[in-house]
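**Student:** Structure, please.
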Amino acid sequence: MTFSVSLGWALTLPLPLSEPLSRPRIVGSAAVRAGSSARLECSVRRGQAGSYRWERNGEVLREGERLRLPGNGTLCILHVTISDSGYYTCVVSNAVSQNETSFLLQVHHSANVVLPMVLACVIIGVLAGIFVWCRRWKNSSDDSR
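**Tutor:** All right, here's what the predicted structure looks like:
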């Protein structure tokens, strides 16, 4: 939109108008395997976001060794670990509004993780033995094993 005033001379100024932002939407896989990568994309349906910010547990996320923030509301987490599970919040803002939404990311054990199970056998108050079983979780794509 432009605005013109004529008082013997002409002045044309661009007048940017910002529309309030809708609540953002986060798209991504809610469940990922440990060791893989996670990608979350944040977008708004109404308005144009001037900036995007990602938070986890109320702390602003900064790009680092495993975190990538390529812009336009995208968050990439490389080589996710179980400790990466949690709520991720995307905060969008422009000149007239700010809005946010959260997304629960759940990281599950990878297919090759061995989880021990301990079983103790007690006979009349005396410890008779301790047995340890380990089970390798089978990947759903490993049908040949």
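**Student:** Strands along the protein, start to end?
**Tutor:** Per DSSP state E, the chain carries strands over the ranges 2-6, 10-14, 25-27, 31-33, 38-43, 51-56, 59-60, 67-71, 74-77, 86-93, 98-108, 114-123, 126-136.
**Student:** and Ser36, how many neighbours?
**Tutor:** 14 (other CB atoms under 10 Å). C-beta coordinates here come from the backbone N, C-alpha and C atoms, glycine included.
**Student:** what's the pLDDT at it?
**Tutor:** pLDDT for Ser36: 95.
**Student:** same question, Arg136
**Tutor:** Listed pLDDT for Arg136 reads 55.
**Student:** next one: Asn72
**Tutor:** What the model reports for Asn72 is a pLDDT of 86.
**Student:** ditto for Val27
**Tutor:** What the model reports for Val27 is a pLDDT of 96.
**Student:** Report the beta-bridge partner residues of the residue nearest to it when sequence neighbours are not counted.
**Tutor:** In space, and not counting its chain neighbours, Val27 is closest to Glu41: 4.9 Å by CB to CB, 6 or more residues apart in numbering. Applying DSSP bridges to Glu41 yields these beta-bridge partners: Val27, Thr74.
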